[in-house]
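Visitor: Need coordinates for the below:
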Amino acid sequence: MLRFVRLDGHHFNYHFESTIAGAVFYRGECGMRLGWYSDLNTTERRTYWACFAGFGLDSMDSTIYALVIPALIATLGITRPEAGYLATAALVGAAAGGWGAGILADRFGRIRILQWTIFWVAFWTAASALASSFSHLFIIRFLQGLGYGGEAAVGGVLISEVIRPALRGRVAASIQSSYAVGYAISVGLLPIISSIFPEEIGWRVFFAIGILPAFVVFVIRRLVPESEIFTKTKTAHDGDPQPFWSIFEKAHRSRTITAAIMSTGIFGGAYTMITWLPTYLRTALGMSVTTSAAYLCLNILGSLVGPLLYGWMADRMGRRGAFITFLILQAVNAGVYLLAPIGPGLTIALSFFLGAFQAALASGMIPTFSELFPTRIRANGQGFCLSGGRGFGSVVPATVGMVAATLPLGTAMGICALCSYGVAFLAAIALPETQGTNLADNALEAQGGTRKDEGHPAL
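Guide: Predicted coordinates for the structure are as follows:
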């Protein structure tokens, strides 16, 4: 929307509003202004970019594997079921790492654990370049997953605690857009590396580049402070941590289980696409490396837009309503994309929406799961819910590989994805609404009082 507003007899100002991103741009004598980003203070901005860069570069590392599956099949003799097992190994590692890192973050702080998880991912991605067999890659992929799951969980809690409630949905969800940036980097590097190195060496070079995210650790160490909410809570309780099983106590059990089930469905469907889409485009649809990269670029562009759209919707219609809406859209889209006889033109268009809806769902879990738990068990709770989804959802890529041994790959992907989204839809209906929850509950916690957001949002 474009509006011209008269400032005086000689000057005009104009106002452009993007309803997709929920961002507002202003330009005039006061300069350019970007809606919610301009409303962030220095600490919020530094934390935002630290989480954005950490998650984005870790996503670059994690998506490298999906892009080199054809090369691994050709050069190491890995089968499709084994390729699925490697994807599952990373997801199981992410499940264990997310919960473990969450427990550690509730004890030792968000920033310290975030630094270690970023470095861990970078190290083990680079180590993949030295693998010489399926068994080597299986172990390395599991270890890499430990760090990736931990970074996603701890970074999500950190950004949620730092950003004020009125902006949390949009800002925290937009962190997921960095996945598209990381994926775009890896997709952009693929044709370059393929043109310079032969296939048997190129995939090793690709993995070796994965050491780059380690440098983000030094930036975080110098510029990003610890979460004030966490620091105050730790001081109020003399650093005494809650036991890890607290998230399963009566007061939190229902939320924990519901969120974990929804996460399972969302991740199960998402990882089906992330793991197998490059292979589907190249083997099932017969595309070249360059052509499939172009299709993936549209998918990535959608992944950039989706979290912005979810954040805008979630801050207006609520977290639960946004989840339900995007689950329906993604199920329909995936079903048509993989199971219907569509032409190249429609495939291109649906690739964009496939990435947008998928990223929207993933982004929504970052603020929502943080809002479900009190500060002393927040990273633990979010880590388990995300990790539970990754853990149980990790069987889906392997299932696709096994089903694809007897059915076309697209059919196998479609069946597994639709079942996953159905599970998530049922859980989303039962998910408590958390919009507007105040995470700064330290004073009441220190006094043994009831949380402001227990049972209803604190506005």
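Visitor: From now on I want contacts and neighbour counts done on CA atoms only, so please keep to that.
Guide: Noted.
Visitor: quick one: secondary structure of E433?
Guide: When classified by DSSP: H, G, I helix; E, B strand; the rest coil, E433 comes out as coil.
Visitor: quick one, phi psi at P307?
Guide: The phi/psi pair for P307 (degrees, to the nearest 10) reads phi -60, psi -30.
Visitor: what's stretch 69-77 in contact with?
Guide: The contact list for stretch 69-77 (C-alpha atoms under 8 Å, 6 or more residues apart in numbering) reads I78, T79, R80, A83, S132, S133, F134, E199, E200, W203, T279.
Visitor: got it, and stretch 140-151?
Guide: 54-55, 58, 62, 86-87, 89-102, 113-114, 116-122, 124-125, 127-128, 383, 387.
Visitor: any idea of the mean pLDDT in it?
Guide: Stretch 140-151 carries an average pLDDT of 88.
Visitor: give me the number of residues near A71?
Guide: For A71, the neighbour count with other C-alpha atoms under 10 Å is 17.
Visitor: Longest helix of this structure, counting residues only.
Guide: In terms of residue count, the longest helix belonging to the chain (DSSP state H) is helix 42-75.
Visitor: list the buried ones in that one?
Guide: Neighbour-count burial for helix 42-75 flags 44-72 (criterion: 16 or more other C-alpha atoms under 10 Å).
Visitor: before we move on, back to that, quick one: which of the contacts of stretch 140-151 sit in strands?
Guide: In strands, judged by DSSP state E, none of those are found.
Visitor: Can you flag the buried ones in the contacts of stretch 69-77?
Guide: So, by 16+ other C-alpha under 10 Å, the buried ones in these are I78, T79, R80, A83, F134, E199, W203, T279.
Visitor: hang on, the earlier thing: present the contacts of stretch 69-77 as a markdown table; the columns should include pLDDT and distance to L350.
Guide: Output for the contacts of stretch 69-77, formatted as a markdown table (pLDDT from 0 to 100; distance: C-alpha to C-alpha, whole Å):
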| residue | pLDDT | distance to L350 |
| --- | --- | --- |
| I78 | 82 | 30 |
| T79 | 82 | 29 |
| R80 | 75 | 25 |
| A83 | 81 | 25 |
| S132 | 83 | 37 |
| S133 | 85 | 36 |
| F134 | 87 | 34 |
| E199 | 81 | 30 |
| E200 | 82 | 33 |
| W203 | 85 | 29 |
| T279 | 76 | 17 |
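Visitor: what would those look like in a markdown table with distance to V216 and secondary structure?
Guide: Listed next are the contacts of stretch 69-77 as a markdown table, based on distance: C-alpha to C-alpha, whole Å; DSSP: H, G, I helix; E, B strand; the rest coil:
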| residue | distance to V216 | secondary structure |
| --- | --- | --- |
| I78 | 33 | coil |
| T79 | 35 | coil |
| R80 | 34 | helix |
| A83 | 30 | helix |
| S132 | 29 | coil |
| S133 | 30 | coil |
| F134 | 30 | helix |
| E199 | 30 | helix |
| E200 | 30 | helix |
| W203 | 24 | helix |
| T279 | 31 | helix |
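Visitor: State the pair within these that is farthest apart.
Guide: The largest separation in those, counting by C-alpha to C-alpha, is between S132 and T279 at 21.2 Å.
Visitor: How far off centre is stretch 255-275?
Guide: In terms of C-alpha atoms, centre = their mean, to the nearest Å, the centre of stretch 255-275 is set 11 Å apart from its chain centre.
Visitor: next one: stretch 124-144
Guide: With C-alpha atoms, centre = their mean, you get 22 Å for stretch 124-144.
Visitor: right, and G410 touches V336 too?
Guide: No - here G410 lies out of contact with V336, judged by C-alpha atoms under 8 Å, at a distance of 10.7 Å.
Visitor: which stretches of the stretch 151-300 of the chain form helices?
Guide: 165-174, 177-196, 199-208, 216-223, 228-236, 250-279, 289-317 (DSSP state H, counting those that start in this stretch).
Visitor: Among the ones you listed, show me which one is buried the most.
Guide: When these are scored by mean count of other C-alpha atoms under 10 Å, the highest mean neighbour count falls to helix 165-174 (a mean of 25).
Visitor: neighbouring contacts of that one?
Guide: 22, 36-37, 48, 156, 159-160, 163, 307-308, 310-312, 314-315, 360, 363-367, 436-439, 459.
Visitor: chain center to that helix, what's the gap?
Guide: Distance, centroid of helix 165-174 to centroid of chain: 14 Å (C-alpha atoms, centre = their mean).
Visitor: Ok, stretch 45-54 next?
Guide: 14 Å.
Visitor: before we move on, what about stretch 54-71?
Guide: On C-alpha atoms, centre = their mean, the centre of stretch 54-71 falls 13 Å from that of its chain.
Visitor: just stretch 382-398 next, same as before
Guide: That offset, for stretch 382-398, works out to 12 Å (C-alpha atoms, centre = their mean).
Visitor: How about T411, nearest residue that isn't a chain neighbour?
Guide: L339 (5.9 Å; C-alpha to C-alpha, 6 or more residues apart in numbering).
Visitor: Could you measure from that neighbour over to V403?
Guide: 15 Å (C-alpha to C-alpha, to the nearest Å).
Visitor: Ok, T368 next?
Guide: 34 Å.
Visitor: just A214 next, same as before
Guide: 37 Å.
Visitor: Equivalent analysis for E199, please.
Guide: Noted for E199: a distance of 28 Å to V403, by C-alpha to C-alpha.
Visitor: same check, this time on G321
Guide: Counting by C-alpha to C-alpha, the gap from G321 to V403 is 33 Å.
Visitor: Check A340 too.
Guide: Counting by C-alpha to C-alpha, the gap from A340 to V403 is 18 Å.
Visitor: out of the two, which sits in the more crowded spot?
Guide: V403 (18 against 12).
Visitor: per-residue confidence at that one?
Guide: Looking at V403, its pLDDT stands at 86.
Visitor: what do you get for L372?
Guide: 90.
Visitor: Using the three-state scheme, assign it.
Guide: Once three-state DSSP is applied, L372 turns out coil.
Visitor: Got phi/psi on it?
Guide: Residue torsions, per degrees, to the nearest 10, at L372 are phi -80, psi -20.
Visitor: in terms of contact, does it touch S254 like I think?
Guide: No - using C-alpha under 8 Å, L372 makes no contact with S254, being 10.4 Å away.
Visitor: low pLDDT regions in the stretch 151-300 of the chain?
Guide: Across the stretch 151-300 of the chain, the ranges flagged by pLDDT under 70 are 238-240, 284-294.
Visitor: so how far is stretch 298-309 off the chain centroid?
Guide: 12 Å.
Visitor: The residue nearest to A208 when sequence neighbours are not counted: how many residues sit nearby?
Guide: Distances taken as C-alpha to C-alpha, 6+ apart put A126 closest to A208, at 4.2 Å, once the chain neighbours are dropped. Using other C-alpha under 10 Å, A126 has 22 neighbouring residues.
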